[in-house]
Every structure is written in C-alpha cells, then in structure tokens.
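[1] My questions concern the predicted model and sequence given below.
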Amino acid sequence: MARNKGPKTGLGKVLLRVFGFFFVSTLCGVLITGFLAPVVAFTSTTLGGSVGFYQSLPAELDVDSPSLSSNVVAADGTLIATFFAENRVKVPLEEMSPFIREAIIAIEDSRFYEHTGVDAHGILRALSSNLTQGTRQGASTLTQQYVTNVLNESRLSEGRPEDVVLSGQKTVGDKLREIKLALELEKRFSKNQILEGYLNIVFFNRNAYGIEAASRYFFSTSAMDLTLPQAALLAGLVNGPSIYDPIADPEAALKRRNLVLDRMLEQGKITPVDHGVAVATPIELNITPSLQGCAGTSFATYFCDYVSHLILNNEAYGSTVEERERLLYRGGLTITTTLDSRLQNLAQQQVDASAGANPDKWGAAMTTVQPGTGKILAMAQNTVFVPQEGKYDTQLNFNVDAKDENGYDLNGAGGFQPGSTMKPFIYAEWLNEGKHPTAVVDASRRVYPVGFPWRSSCGKVLGGYSTAQKAQNLGADDDLQNNDDGYYRPMPINYGLYNSINTATFATAAQLDFCGIQKMVDTVGLHSGLDNAPVNMHQIGNLLGSIGVAPLVLASAYATFANDGTYCEPIAITQVSDFQGREYEAQTPECRDAVKPAVARGVNAVLQDVMKVGSGVWIEPKVHTKVPVAAKTGTSNNNGATWVAGYTTTLATASFFGDTTAGQQRAGQNVTINGKFYKSLDGYMIAGPQWANYMVEAVALYPSGPFLAPAPPPSPAPTVPAPPQLTAR
C-alpha cells in the first residue's frame, strides 16, 4: 500500500504545479498588458476580480528622497558629527563605480535595461521553477525592489514602522500594487534614474543604507572608488544582508561574492582575466564605524550637543519636536557652525590637561566667542559624553545654560558661581555714573547692617521686590572678608578692582544706584544659568557672584568690553541647508549698544593691570607680554568655583575650573588635583594657566591690537596710598 501511495501523491503535486503554472502565466499576461487596455472578458470570476482590484490600485508613486544623514560641520568644513535614522549619503549615478552598477544588475536583474518594470520572462522562469520543482525563486526586478524600498521608506519617515512590508510578508495585493507602480515608474523615469534611486536607498547593513554609506562602512572608501571584488561583495549583500554579512560570516559572503562575479562573467560584463583575479582576491574589510550623533564623536562633543538642542528647540525647523527630530535625523541637512576647529583643538588640550584622569570629578571648561559677531569659536570641557573606564563622564554641558530663554532644555549644567568676575560690571556702572576712575573708596568697612542706606531709584517692582523691600533685602550683617589681610583700608577704586578686594567692591556699590548696576548687568547679557532669569543685583551677595553663570554667558559679557561697548548675542549656527540646496533659518549676529564706549575703555584699562600687577600676576605664561589682554580672576566663597575671564580685541574667553557635581557644594579646599595639593583653590591657580596657555596660541591665529585708550578724567586723580605687598585673589 505504501509503495503505491507515493507515486500517486507525487503525480498529484506535479499536476497541481503545472495547473498553477498555466494559471499564473495567464495572470502575468493580464498584469503586464491588462492595465494598458480594458480587459474584455474572463471566464474565471476570481481572475476577473483580481483584474478589477488591480485596475483600482493607484498608479502614482511619490518618489521622495530617502532618509538622509545630516552633518554638523565646523566653519572650515571639518565634520563634527552625523545624525541619522538610517546612515545614508546620496550620490549621483556617475559618482558610483561602474563595477557596482554592473554587479547589482548582474545578480539582481540581468534584463534590467530590456523590460518595462516587470520582467515577464523572469516571472515565468521563477514560477516554472517554484511550481514544478518546489523552489523559492524571486522574480522582482530592480524597479519593483525600488518601489518596495520607496514605500517602506515613506512609512518609516511618517513614523509607521509597523506598516513596513518585507519581501516574505507580501500579500497578493501588495505584489499587484508593486507591479503596477513599477510599470508606471518606468514611464516617468529613465533606467539610470531608477538605478541611481535604487542604489541610494537599498539596505546593506544596519550601519549602512545606500551604496555610499556601505562603501564607507565596509571598505572606508567611496562608491566611486569601489574595486571589482568590493562591488561584487556589496551587490551580493542586498539579497540577504544578515545571511551574507562579511563580518559575521565571511565564508558565506565570499561564496556570494564569487557568485556575483560568475554572473558578471556569464553576462559578458567582465573578462575571464578580471574574473580570475577578483575571485582570487580575499575579502579585505576596512570597517569605519558609523558614529551616530554627538555621542559618536570625540571632536567638539558638547558644542555638538548644544547645536543639536538649538535645532530641536527652534520652530523654524518644524512646528513640533517630532518634526524637528525627523528633519535632523532624516533630512540630509548640512549644519555649518561658527566653530574654529583649530581653537577647539587647543581648548580641548588645555581642559584635558587641567585635571588629568580626575577620579574626583573636578570639572574644567572653556568657551571663546568673537567680539563683534558673537560667534562661538571654541567650547570644550574635560569630560566624556559616553562612559569610559577611568574617565569623568557626563552628558551635561558645563559651558551653557540649563534652559534657553523660552524654557527649552539646553542640557547645560546651569552655570557656576562667577565670584569676582562680577566686579568689573560694578566698576562699569561707577564709570557710567560719571565718577572718577581712580577715586578713593573706604575698603576698611566690613559691616553693612540691615537698614544701611543703599540707593535704589527704581519706582517699580524689579526682581520680585518693591523699592522698600529691596532696601531691606540689601541689608546684611556679614563681616566681609578679603582674601588677605592688609587691604582693609582706603584705596583707589581701580586698585581695589585689579587686586580683587571684596571690601572695595562693597564700598563702590555703596555709592551707586543699584538700579544702574542691575541695568549694567542686564545689558551685557548676564543671567542665571539655571532658569535664564536676570541676576538680581538687589541681592547683595550677587555683587560677589553668588548666582551661577555659564562660561558662554560670561565670555559674551566680557566681549562687550572688548568690542567698545557693543554686546552681541552668542551664535553657533551660520547656515543650514538640505541636500536639495534649500536654506533654513540660521543665526546671524544680533548686536546692540550696551555700554558707553568711554565706559568700556575705562574697564579695559583697569583689567589690563590684573595680569600685570593684580590678582592675575602669578598666571603663566604671561600673555600680556605678547599681546594686549584684559582679564579678571574669580573665586567663589568656598573656593569650589574658580575662573579667569579675559579678552583681546579679537577673542573673549571664559575659563572655569571647579566642582561640577550635583549641587556644586563641594569646597575647593585641602584638595589634590593632578597630584598637586591645594590648601584652597583660586582663579589664578588652574583656571588661570588653562586660560593663558590657550590664549597664547589662540592670539597667533586671531591677531589683535591695543585697546582704545580711555579719555582722560575730568579732574586730577586722588592721591593713591602706597600699596602693600601684592598677593593673589
């Protein structure tokens, strides 16, 4: 019984396959010709229904550009980072190696230049094999594959990954739609346009979409420079990227590559000699990892992060965050920034050197802006974005605010107490009120009790306090401390500034209108790094910098003095364009008259003395011997935040070193940094050399001249008391 049953069943299968072959052969004829002319009649109801369904399908295919990678570049074109949902770089067909064009056609669609989108011969051949031999041969042409890729790419771009249809998941309806769209596509585009589109969209590897990205990933070369063996390997991949992955299974990849070479030889696309040499060539990969976003780059990582937030926060790039993310990760943008790669490398070297391996997580940061434009030329810090053994890692950017003025996240640390770097703005208001630049103030006074008659002329609510409340709020019973004894005495106001004497600052403020101080601080852009709120100068502690300020903000404020009193908002992006050349909104310099030129020049004159005879006198190297510089040191009350902010006429740089851990409450006292013990950290100790070493090299790239001299004061200067021995603050 068993032996008789076998042949009977086999005959049934053969008959079924033969019947199916003729049935589908008829259907193929209908599909290829039926949509061009009405079908008159069919005896089969099922077949008639299929034709009706086919004719109801859309014939138009929206061939948008596939998802493309976006690049963030420095001002000189140096690549900073690449953002992508699919790592893809679009290139024209003429910039692809002839080998890849011939190889992909040989293995995927040898009749590509002969059919009209659907290859009847190929379908019948595949059906014959599948139905009579039980195999699973595909029959999709390159045009059909392109249609499938375009449809799936559209679904992904619209955020519908669940609707993506893979080859093995296609229904009869999917296949009919694909065929109709392929036929129509061939009417609209040339063969070369279709081939170009296909090679730019097809999936090679999860790290490489399209032939250019695949060439870079697997061989560290371009699509134009692919060799014959390389092209054959990549052409073989598209049929099964995971099956023929040369990294995971080099043996399977080699067999597939050689099959492609065999097909090319059979079809006369290569000579026997070329074939022999290529087959004998081993697979030689040169993998270039496709690094994603800011986390995937080691160059200007935190500046990159800042730029990405500027894009994602700006409605010029989409009305919703989702739209803006889609544009950044899929829109093929080129985002040209203000960054000078030369300065960035110099800044990074210095912040890395400041704290070494740094297991105690001390932070170093530095930002440079260009006076007169606000362009951010460098932004560096001594941490890594992605955790690495032995490294201080954080994704917070020490150089920028936590939020922008609209409340959008900037991923910043929220600033650090600027300490005495706030003092020049008090002095600027002194000059602004027409007072003598070297007048003597009583720096011996250490107590300003509640009820002290501070001046505040504002008749409206400012900073949440009325005038009367402000007067009470400004009261303090603290016993003011200077860094060293011997300075509790009357002294010229400029002397008190360049030596950074706290009691001199309070004595100065005691003669000023706090509303004027507030206006001075506001007009140069100073604000809280946490919430972007104004620094409330009616809180007396802020005279000595108790509210955290970001290095970018402080550098921009100091650039105002360098620019003869004109403040410029910091900018990071100069141009944004997509792959089609469409331009998007970028940042342009936004400058305003903030400080009177005479005031700015007066501040510059005093701050030049900081490095020569004042609190920065111990900073090495001596930048002021090479070019005129003005600067100010700063140290927070507990020595946990230390600074030098300084500038030439062409560069303004804020250098920070200190506690960057959560809460920023750690004191910089009795600490060891880079193997050196410090009883108490001071601005001139680490932040100072970090700034000076950087500026010595930076000024060679941005030559500057002398500052404009201030006008002579209207009356003779008061007698200057003999100064005690200098010490640093």
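    Now that the structure is in, tell me what you want to look at. Small disclaimer: the values here were computed from a predicted structure and weren't measured. Residues are numbered from 1 along each chain as shown.
[2] hey, let's count contacts and neighbours off CA atoms from now on
    Will do.
[3] Got the domain ranges for the protein?
    2-56, 67-84+293-416+428-435+512-729, 85-280 (automatic domain parsing).
[4] Tell me which of the ones you listed is the most buried.
    domain 67-84+293-416+428-435+512-729 (a mean of 21; mean count of other Cα atoms under 10 Å).
[5] Quick one: distance of that domain to the chain centre.
    18 Å (Cα atoms, centre = their mean, to the nearest Å).
[6] what helix or strand is residue 255 on?
    Element membership for residue 255, per DSSP states H and E: helix 250-266.
[7] which element follows that helix toward the C-terminus?
    Following helix 250-266 in sequence, per DSSP H and E, is helix 272-280.
[8] Pairing partners for the nearest residue to residue 242 once chain neighbours are set aside in the sheet, please.
    Distances taken as Cα to Cα, 6 or more residues apart in numbering place residue 205 nearest to residue 242, at 7.6 Å, with adjacent residues excluded. Using DSSP bridges, the bridge partners assigned to residue 205 are residue 208.
[9] Looks like residue 205 contacts residue 215 (just checking).
    No: with contact defined as Cα atoms under 8 Å, residue 205 does not count as touching residue 215 (10.9 Å).
[10] Residue 267 and residue 279: what is the separation?
    Counting by Cα to Cα, to the nearest Å, the separation of residue 267 from residue 279 is 16 Å.
[11] I figured residue 645 hits residue 629, correct?
    No: at 10.6 Å, residue 645 does not count as touching residue 629 under the criterion of Cα under 8 Å.
[12] ok, and the closest non-adjacent residue to residue 290?
    residue 207 (6.0 Å).
[13] now residue 602
    Excluding the flanking residues, the one nearest residue 602 by Cα to Cα, 6+ apart is residue 710, at 5.3 Å.
[14] Leaving out chain neighbours, which residue sits closest to residue 305?
    Residue 305's closest residue in space is residue 294 (Cα to Cα, 6+ apart), at 5.9 Å.
[15] Over to residue 429?
    residue 517 is the one closest to residue 429 (Cα to Cα, 6+ apart), at 5.8 Å.
[16] How about residue 445?
    Once flanking residues are discounted, residue 445 sits nearest to residue 503: 6.6 Å by Cα to Cα, 6+ apart.
[17] Secondary structure element for that neighbour, which one?
    With DSSP H and E as criterion, residue 503 is part of helix 502-509.
[18] Give me the contacts around stretch 395-404.
    302, 305-306, 363, 365-367, 379-381, 384-386, 409-415, 528-532, 549-553, 660 (Cα atoms under 8 Å, 6 or more residues apart in numbering).
[19] How much space separates residue 651 from residue 373?
    Counting by Cα to Cα, the gap from residue 651 to residue 373 is 11 Å.
[20] quick one: the strands in the stretch 301-450 of the chain?
    Taking DSSP state E, counting those that start in this stretch as the test, the strands found in the stretch 301-450 of the chain are 334-337, 362-369, 376-381, 440-442.
[21] okay if I get those strands as CSV plus mean pLDDT and distance to residue 596?
    As requested, these are exported to CSV (pLDDT from 0 to 100; distance: least, Cα to Cα, whole Å):
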stretch, mean pLDDT, distance to residue 596
strand 334-337, 98, 31
strand 362-369, 98, 21
strand 376-381, 98, 24
strand 440-442, 95, 23
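[22] In CSV: these, plus distance to residue 100.
    Below are these laid out as CSV (distance: least, Cα to Cα, whole Å):
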stretch, distance to residue 100
strand 334-337, 27
strand 362-369, 46
strand 376-381, 42
strand 440-442, 80
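[23] tell me the angle the helix or strand hosting residue 519 makes with helix 502-509.
    Using DSSP H and E, residue 519 sits in helix 514-523. Interaxial angle, helix 514-523 versus helix 502-509 (axes from the mean of the first three to the mean of the last three Cα atoms, to 10 degrees): 110 degrees.
[24] residue contacts, the closest residue to residue 152 other than its chain neighbours?
    Leaving aside its chain neighbours, residue 152 sits nearest to residue 164 (5.1 Å; criterion: Cα to Cα, 6+ apart). Residue 164 makes contacts with 151-152, 155-156, as judged by Cα under 8 Å, 6+ apart.
[25] what about residue 374, distance to residue 113?
    Residue 374 is 56 Å from residue 113, by Cα to Cα.
[26] brain fart, residue 437
    Distance of residue 437 to residue 113, computed by Cα to Cα: 84 Å.
[27] Check the offset of the helix holding residue 255 from the chain's centre.
    In terms of Cα atoms, centre = their mean, the centre of helix 250-266 is found 41 Å from the chain centre.
[28] and residue 549, what does it touch?
    By Cα under 8 Å, 6+ apart, residue 549 lies in contact with 401, 414-418, 526-529.
[29] of the residues you listed, closest to residue 100?
    residue 401 (49.1 Å; Cα to Cα).
[30] quick one: low-confidence ranges for this protein?
    1-60, 122, 125-139, 167-168, 459-478, 717-729 (pLDDT under 70).
[31] Check the gap between the spatially most central residue of the chain and residue 74 for me.
    Geometric centre of the chain, nearest residue: residue 304, 2.7 Å, by Cα atoms, centre = their mean. From residue 304 over to residue 74 the distance is 10 Å, taken as Cα to Cα.
[32] Could you tell me which residues touch both of those two?
    residue 80.
[33] Helices of the stretch 101-250 of the chain, residue ranges please.
    Ranges of helices in the stretch 101-250 of the chain, per DSSP state H, counting those that start in this stretch, are 120-133, 142-157, 172-188, 191-201, 211-219, 228-237, 250-266.
[34] the inter-axis angle of the last one versus helix 228-237?
    To tie it back to what came earlier, the one meant is helix 250-266. 110 degrees.
[35] Use 668 as the first number for this chain going forward.
    New numbering, starting at 668: the last item is helix 917-933.
[36] Could you check the angle helix 917-933 makes with helix 939-947?
    170 degrees.
[37] and if you look at the shortest one?
    Relative orientation of helix 878-886 and helix 939-947, computed by the same axes, to 10 degrees: 60 degrees.
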